[in-house]
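**Student:** Sharing a model prediction with you, sequence too.
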Amino acid sequence: MPSSNKQTGSLNEKAGISSPEITNASAISQIKNKRRQQPSAEELISGILSGNRTDLSRAITLIESTNPEHNEKANEVIKGCLPKANKSIRIGITGVPGVGKSTFIEVFGTFLTQLGKKVAVLAVDPSSSLSHGSILGDKTRMEELVKDENAFIRPSASGETLGGVARKTRESIILCEAAGFDTIIIETVGVGQSETAVHSMVDFFLLLKISGAGDELQGIKRGIMEMADAIVINKADGDNIKKANLAKVEFNRALHLFPSKKSTWRPKVTTCSAITKDGISEVWETISEYFEITHENGFFQEKRKEQNQFWMMETINEQLKSNFYNQPEIISQLDQIKKAVQNNEISPFAAAQLLLDKYKKM
């Protein structure tokens, strides 16, 4: 006979425990109404400058919005925060999925907050090309750092932008700096193309690697090596220590094949373990040495100027693209022309020119 005992899982309610009764419906109604109220740009700016994280999160959400009606308000917030920005160091961290980026950032970020730094982590989570959804699980993976009062973690969906970072991430940096964070860490999607975008908005570019996965040769072949200011062999613990040291030698040899950087900085290779925390302080020493050298020779300031100019041009390109696709005349004819292209009734190039000519006449 089947057992009468029911199997209960961790999500089942225990016998005798019932949901608490709502005793203050008025208070709940007030909370809901307050959530519906959107703060003005002036209120957001004031909150950000005073270090209010709720206002900082709201402003970043406003920046990330694809609603054209939010653009003007977002630009007003950025303009109000800009005078208090540009007072941080910006570190980009990249590496293939599985290299341990989130674990490394949590340990490294905690190390920095213990030194008295205020750390903001802008983590880009890959969006599905099919469902367009994102897990946004970085706060879960960085469960210790997220509780640190001197840290702020903001996961964002990559969307359809190149590698998941573009103008929105660049503007989020400005808001975090205005909120008083002196160290900004940007974690890339780690899918190949995102490194170029991240490199164009950070001061120091750190490449995480692992040993024993054929990563040494692949790393030598890829152009990302030329962008890296430091290479860190992660997971150098237990049986991997010997392999990590061998990988360090290989990468050091590879770096000598690349031309000298404009910064005069020679990239370094170190090993570390985000589990045992060995080598974390050496990573910070390398970064600190880089900033000391580039501040002295003026490269730091020059790079910031070039990046500002680059993002001005990128913003123009993005705005033109957005304006094009939001024109009612373009929207009404786009599907029809797409079908014509699919059926080989018109070439893709002629179709594009047709739409662009129509856009010019608007």
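**Tutor:** Perfect, I can see it now.
**Student:** show me where the chain has strands.
**Tutor:** Secondary structure of the chain (DSSP state E): strands at 89-94, 119-125, 151-157, 183-187, 204-209, 230-233, 268-271.
**Student:** Count the residues that sit near the residue nearest to I174 when sequence neighbours are not counted.
**Tutor:** Once flanking residues are discounted, I174 sits nearest to A85: 4.4 Å by CB to CB, 6 or more residues apart in numbering. All C-beta spots, glycine's among them, are computed from the backbone N, C-alpha and C. Other residues within reach of A85, judged by other CB atoms under 10 Å, total 16.
**Student:** can you tell me how far A85 sits from R170?
**Tutor:** 11 Å (CB to CB, to the nearest Å).
**Student:** thinking again about what came up before, so which of the strands of the chain is nearest N245?
**Tutor:** strand 268-271 (6.5 Å; CB to CB).
**Student:** Would you give the sheet partners of the closest one, along with the direction of each?
**Tutor:** If you go by DSSP bridges, strand 268-271 pairs up with strand 230-233 (parallel).
**Student:** Kindly export the partner strand (C-alpha atoms) in CSV.
**Tutor:** What follows is strand 230-233 as a C-alpha-only set of coordinates in CSV (Å, rounded to 0.1, in the frame of the first residue of the first chain):
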residue,chain,number,x,y,z
ALA,A,230,47.5,43.3,-16.8
ILE,A,231,46.8,39.6,-17.1
VAL,A,232,45.8,37.7,-14.0
ILE,A,233,45.8,33.9,-14.0
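**Student:** Use 889 as the first number from now on
**Tutor:** Got it, the first residue is 889 from now on, which makes the last one we talked about strand 1118-1121.
**Student:** from the chain's centre, how far out does it sit?
**Tutor:** In terms of CA atoms, centre = their mean, to the nearest Å, the centre of strand 1118-1121 is found 19 Å from the chain centre.
**Student:** And for stretch 1204-1220?
**Tutor:** With CA atoms, centre = their mean, you get 26 Å for stretch 1204-1220.
**Student:** now stretch 1070-1077
**Tutor:** Distance, stretch centre to chain centre, for stretch 1070-1077: 6 Å (CA atoms, centre = their mean).
**Student:** What average pLDDT does it get?
**Tutor:** In this model, stretch 1070-1077 has a mean pLDDT of 90.
**Student:** on that earlier part again, turn the strands of the chain into CSV, including distance to N1231.
**Tutor:** Formatted as CSV, the strands of the chain follow (distance: least, CB to CB, whole Å):
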stretch, distance to N1231
strand 977-982, 42
strand 1007-1013, 37
strand 1039-1045, 34
strand 1071-1075, 43
strand 1092-1097, 46
strand 1118-1121, 50
strand 1156-1159, 54
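**Student:** Let me have those strands in a markdown table, extended by distance to W1199 and mean neighbour count.
**Tutor:** Shown next, in a markdown table, are these (distance: least, CB to CB, whole Å; neighbours: other CB atoms under 10 Å):
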| stretch | distance to W1199 | mean neighbour count |
| --- | --- | --- |
| strand 977-982 | 13 | 24 |
| strand 1007-1013 | 15 | 25 |
| strand 1039-1045 | 17 | 22 |
| strand 1071-1075 | 14 | 25 |
| strand 1092-1097 | 16 | 24 |
| strand 1118-1121 | 24 | 26 |
| strand 1156-1159 | 28 | 21 |
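**Student:** Out of the ones you listed, which gets nearest to E952?
**Tutor:** Among the strands of the chain, strand 1039-1045 sits nearest to E952 (CB to CB), with 6.2 Å.
**Student:** Partner strands of that closest one and their direction?
**Tutor:** strand 1007-1013 (parallel).
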